[in-house]
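# pasting a predicted model and its sequence here:
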Amino acid sequence: MEIEPVETESESSKIKKSVSHGNLRRVHRAHGDATWTIEDSCSVYGTDRWSKGFFGIGDDGYVSVAAPTASGTVTISMKQIIDGMRDRELSMPVMLRIENLIDERVVRLNECFGNAIQTTGYRSEYRSVFPIKVNQQKHVIESISRAGETFSHGLEAGSKPELMVALAMVGGPESLIICNGYKDEEFIDLGLQARRLGYRCFFVVESLDELKLIVQRSKHWAVEPLIGCRVKLSTKVDGHWSADSGDRSLFGLTAQKLIAAVDVLREEGMLDCLKMLHFHLGSQLTNIRNVRDGVREACRYYVGLVEDGAPLGYLDLGGGLAVDYDGTFSTQPHSRNYDLNEYCVDIVESVMETMDRHDVAHPVLVSESGRWTVAPMSVLLFNVLSVTDFEPIPIEPDDSSEFCESVKCLLDVIENLNARRVQENVNDAMYYRDQLRDLFRGGQIGLRERAFGDNLYLKILNRIVFEVLPQLKRIPSELESLPDQLADIYYGNFSVFQSLPDAWAIEQVFPVMPLHRHHEEPRRNAIIADLTCDCDGKLDRFSDSEGDVVRTIRLHEFKEDEPYYLGVFLVGAYQETLGDLHNLFGDTNVASVAVTSEGRINFVEEIQGDSISDVLSYVEYQPQELLQRFRAKAEEALNSGAITADQRQKMLNLYREGMQGYTYFED
Ligand SMILES: Cc1ncc(COP(=O)(O)O)c(C=O)c1O
C-alpha cells in the first residue's frame, strides 16, 4: 500500500485542500442520519448552483429532473428512468439524453436574442447555428433541427462528412449552413450544389488559397457563392484556451490578408459575394468583458470592410457561450461571469453602437453556440463496482522474532500522538515508514513485519486525520492534503477516455453526484477510478459545496448487495465526440428520453453500446477469424487430451457469446 508523500504547495496551489468537517469524518465514527436532509445533500453537491434548475433531489432521495414541457415544467425522478432502463435491459453505463433540455436550450437561445433585439431596437435579426462537431450524434442533430424549426436554426460544418450531415439534416432554406475549416475542391463543390438548391450555404474563408479555389469552382459551376471571411482578432480571452487566443490563434485572416481577400474578389468581379464576417474567440468564454471586447473589435473590421466596398450583411460571432459547470458564476475556467441574457444584450448593444456610429446597416447576427446548447441534456450514469479504502486492517505480528527498530518507533509514534506536535508526528511516521521499506528491500525484515509496519503507519495517519486534526483551530498547511491521501477509491463501471475525455485531457471539472440515497449522509471521501488499467483513468477533481476544486468527493458507504449509482452531469458537449477506445471500451448504451406534459417518460431511442465484436473490428480484427483461431487452439488441446470435447464446446460457446457482449462490466 503506497501512500504518497504530502503534496508540495506548488503542486496543490490551484486545488483547495479537502480539510472540511465533512472530509474529516468517517462512517464508523459519525453520528446517525436522523438530522441529514435532502437540503444538506443539495448543499454538499452544489446542485442548486450548477443545475440551473434542471436537476435537483426529490423526496424519494433520488436525483430529480425538472423537464420543461409544452404545459410547464414536469419533475420526474431518476428512479423512474433507471427502472425504465432496467426494464429495457439497458445496462450501465448509460449515456442518458433528456430531449426536453435540448428543446429548451434552442428555444431559449433564440428567444433571448430576440428579446435583446426587440428591447434595444436593433434593426435586423438573429440566426442560430449548431456546430455539428460538438455532438454529431444523429439523434441530437435531429432533435436540434426539430426544436429549431420555427427559428430556422442552422448547422455549422467543419469537414466534408459534417457538410454531408448538414445538407441532409438542415431545416428549410432559410436556415444557414456555415462551412468552416479547410475546404478542398470536393467540399466546395458540394456546398455550391446546396446553393443551387436554394440553401444559404456560406463558405467561411480561412486562407487566400481557399478563396481562389472557391472563386474557380464557382465559375466552373456557374453558381454565385455566399462568402464569409474569418478574421483573426487580437482580443485575448481568459480561461483554458487563453494562450491560443489573440495574435497566436490558429485560424482566421489578419487585417492585411482580409484586405488582400477583398482585392481578389474585386478583381474577379465577385465582391458582392462577400456577405459575412466571421470570428470565433474560443470555447468556454469565462469573462463577458472578453466577449464585449471581441465583438467591438470584430465590428470595426465589419465597418472597415463595408467602407471598402464589401456588401456584407451577416456577422457570425462563432461559439464560446460558456457553461457554468461549477455554478460559481465566476471567471474560473469551469464557469462564466454572465448569463444568457447579459450575453445577448451585450452583443446586440455592442454591435448596434459601432454600426450606428459609422452609419452602417445592422447585420444579421449569427452565433454558433455548441457547448451551451447541448451540455445539460446528457448525464453519464454508471454503477460502482467496488471500493478500496485506506484504513488499517488487523494483522498479527510475527511473534517468532523481536520487532525491528522502525516498527518499534512507529509504535512509539502512535502511543504519543499529540495535537500540538502533529506535524512532527507525521514527519516521524513517514521517516520510520520509509526506513521500514528500506529494511524490507534489503532483505532484513520479512513480508509480515513489513505489512505490520505499514499498517501501523496507516493507523497513525487515520488517527491524525480523524481524531487529531479536528481538534485543531488551524491546520498546518503541509497537512491540509493529508485527508486526500486516505480517500477511498470507488471503482466505477465506465471509461474516462470514452465518456469523459475532457476530464483527462484538459482537467475539466464536471458536476458528479450520487443518483440516490440522498436521505443518508455521504460520509466517505473518495476519488473515482474507471475500468481502464490506466493511472489517468480517474476522476479526482470535483467542485465542492463552495464551488472550489477539490481532490475528493463525498460518497455514501458502498454496500456489496445494493447497486450504487453515480451521475456525471453536463456532459452533452464534446464528450461523446472526442471519446476514444482506450482499453477497447466502446460506446456506452444510450437512452434518449422525452418527458411528456403528463409526466410520462418516453424512451424515444435506445441505442445499444458497442459490442466486443464491434470494437475489435474498429481495430482491424475480424471476429470470425479470431473465433477460428481460438477454435484451432481448443481443437489442439482436445487432440492432446488436455480438455474433453464437452469442455471444448463450452469454451467455444463462451467465446462466441462473449463477442456479442457489452465491453463494460456486466452483471
Ligand atoms: C468555429 C467554431 N464555431 C463554434 C464552435 C463551438 O464553440 P462552443 O462549443 O464554445 O459554443 C467552435 C468550437 O470551438 C468553433 O471552432
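Thanks, I have it.
# show me which residues of the stretch 451-600 of the chain sit near the ligand.
A573 (C-beta under 6 Å from any ligand atom). All C-beta spots, glycine's among them, are computed from the backbone N, C-alpha and C.
# for the ligand, give me its nearest residue in the stretch 451-600 of the chain.
Nearest residue of the stretch 451-600 of the chain to the ligand (C-beta to the nearest ligand atom) works out as A573 at 5.9 Å.
# then the chain?
Counting by C-beta to the nearest ligand atom, the chain gets nearest the ligand through G319, at 2.1 Å.
# pLDDT weak spots in the stretch 251-400 of the chain?
Within the stretch 251-400 of the chain, the ranges that satisfy pLDDT under 70 run 400.
# so which bits of it are right by the ligand?
H280, S283, Q284, G318, G319, G320, L321, E368, S369, G370, R371.
# tell me the secondary structure of the fourth one, please.
What it means is G318. Counting by DSSP: H, G, I helix; E, B strand; the rest coil, the backbone at G318 sits in coil.
# what is the burial count for the spatially closest residue to it that is not a sequence neighbour?
Spatial nearest neighbour of G318, chain neighbours left out: H280 (2.8 Å); criterion: C-beta to C-beta, 6 or more residues apart in numbering. By other C-beta atoms under 10 Å, 24 other residues sit near H280.
# G313 too?
16.
# tell me the secondary structure for the residue nearest to it when sequence neighbours are not counted?
Counting by C-beta to C-beta, 6+ apart, K275 is the residue found nearest to G313 once chain neighbours are left out, at 5.1 Å. Of the three states, K275 takes strand under three-state DSSP.
# how many residues are close by K275?
For K275, the neighbour count with other C-beta under 10 Å is 19.
# may I have the phi/psi pair for R474?
Main-chain dihedrals, R474, degrees, to the nearest 10: phi -130, psi 130.
# rewinding a little: thought D316 was touching the residue nearest to G313, still the case?
No - counting by C-beta atoms under 8 Å, K275 does not reach D316; the two are 10.4 Å apart.
# nearest residue to V204 other than its sequence neighbours?
Once flanking residues are discounted, V204 sits nearest to G228: 4.2 Å by C-beta to C-beta, 6+ apart.
# so the residue nearest to G318 sits in a strand?
No - read with three-state DSSP, H280 is coil and lies in no strand.
# for it, give its distance to A634.
In this view, H280 and A634 are 57 Å apart by C-beta to C-beta, to the nearest Å.
# picking that back up, residues in contact with the residue nearest to G313?
F202, L226, I227, G228, P311, L312, G313, Y314 (C-beta atoms under 8 Å, 6 or more residues apart in numbering).
# burial measure for the last one, as a count.
Think Y314. 21.
# tell me how many other residues crowd the spatially closest residue to it that is not a sequence neighbour.
For Y314, ignoring the flanking residues on the chain, the nearest one in space by C-beta to C-beta, 6+ apart is M276 at 4.0 Å. M276 has 26 neighbours, counted by other C-beta under 10 Å.
# hey, what's M276 bridged with?
G228, Y314 (DSSP bridges).
# doesn't G228 make contact with it?
Yes - the pair M276 / G228 is scored as a contact, 3.1 Å apart, by C-beta under 8 Å.
# what do those two both touch?
Common contacts of M276 and G228, defined by C-beta under 8 Å, 6+ apart, comprise F202, V204, Y314, D316.
# in this structure the residue nearest to G318 contacts E368, no?
Yes - assessed by C-beta under 8 Å, H280 is found in contact with E368 at 7.3 Å.
# how about the strands in the stretch 151-300 of the chain?
154-157, 176-179, 200-205, 226-230, 274-278 (DSSP state E, counting those that start in this stretch).
# so can I have a markdown table of the ones you listed showing distance to T388?
Putting the strands of the stretch 151-300 of the chain into a markdown table (distance: least, C-beta to C-beta, whole Å) gives the following:
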| stretch | distance to T388 |
| --- | --- |
| strand 154-157 | 45 |
| strand 176-179 | 49 |
| strand 200-205 | 51 |
| strand 226-230 | 50 |
| strand 274-278 | 51 |
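# for those, which one sits closest to I553?
Smallest distance to I553 across the strands of the stretch 151-300 of the chain (C-beta to C-beta): 35.5 Å, for strand 154-157.
# of the contacts of K275, select the buried ones using a PyMOL command.
Buried subset of the contacts of K275, written as a PyMOL selection, criterion 16 or more other C-beta atoms under 10 Å:
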select buried, resi 202+226+227+228+312+313+314
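# from the contacts of K275, which is closest to M164?
Nearest to M164 among those, with distances taken as C-beta to C-beta, is F202, at 16.6 Å.
# my read is that that closest one contacts I214, right?
No - under the criterion of C-beta under 8 Å, F202 makes no contact with I214, lying 10.7 Å away.
# show me whatever sits in contact with both of these two.
I227.
# what's near enough to touch E224?
R195, S218, C273.
# any idea of the mean pLDDT in stretch 459-472?
Mean pLDDT, computed over stretch 459-472, is 93.
# tell me the buried residues in it?
K459, I460, L461, N462, R463, I464, V465, F466, V468, L469.
# could you report the neighbour count for G453?
28.
# hang on, it packs against L410?
Yes - with contacts counted by C-beta under 8 Å, G453 reaches L410, the gap being 5.8 Å.
# what touches both of those two?
Residues touching both G453 and L410 comprise Y432, R433, L436, with contact defined as C-beta under 8 Å, 6+ apart.
# and the residue of the stretch 451-600 of the chain closest to the ligand, how far from L539?
The gap separating A573 from L539 is 18 Å, by C-beta to C-beta.
# more neighbours, the two?
A573 (27 against 23).
# quick one, phi psi at that one?
phi -100, psi 130.
# that one is in contact with K133, isn't it?
No - checked against C-beta under 8 Å, the pair A573 and K133 is beyond contact range at 9.9 Å.
# between its first and last residues, what's the separation in stretch 465-473?
From its first residue to its last, stretch 465-473 covers 14 Å (C-alpha to C-alpha, to the nearest Å).
# one step back: shared neighbours, A573 and K133?
G370.
# what's the burial count for the closest residue to G661 other than its chain neighbours?
Spatially, and ignoring its direct neighbours in sequence, G661 is nearest to I612 (5.7 Å; C-beta to C-beta, 6+ apart). Residues near I612, counting by other C-beta under 10 Å, number 17.
# 681 is where my numbering starts, stick with that
Got it, the first residue is 681 from now on, which makes the last one we talked about I1292.
# I'd guessed I1292 sits against Y1335; true?
No - with contact defined as C-beta under 8 Å, I1292 does not reach Y1335; the gap is 10.1 Å.
# for the closest residue to E948 other than its chain neighbours, what are its contacts?
Once flanking residues are discounted, E948 sits nearest to V895: 5.1 Å by C-beta to C-beta, 6+ apart. Neighbour list for V895: V944, L945, E948, M950 [criterion: C-beta under 8 Å, 6+ apart].
# one more pass at 10 Å, please.
For V895, the contact set (C-beta atoms under 10 Å, 6 or more residues apart in numbering) comprises I868, P905, I907, V944, L945, E947, E948, G949, M950, C953.
# mind giving me the PyMOL command for buried ones among those residues?
Applying 16+ other C-beta under 10 Å to those leaves a buried subset, and the PyMOL line that selects it is:
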select buried, resi 868+905+907+944+945+950+953
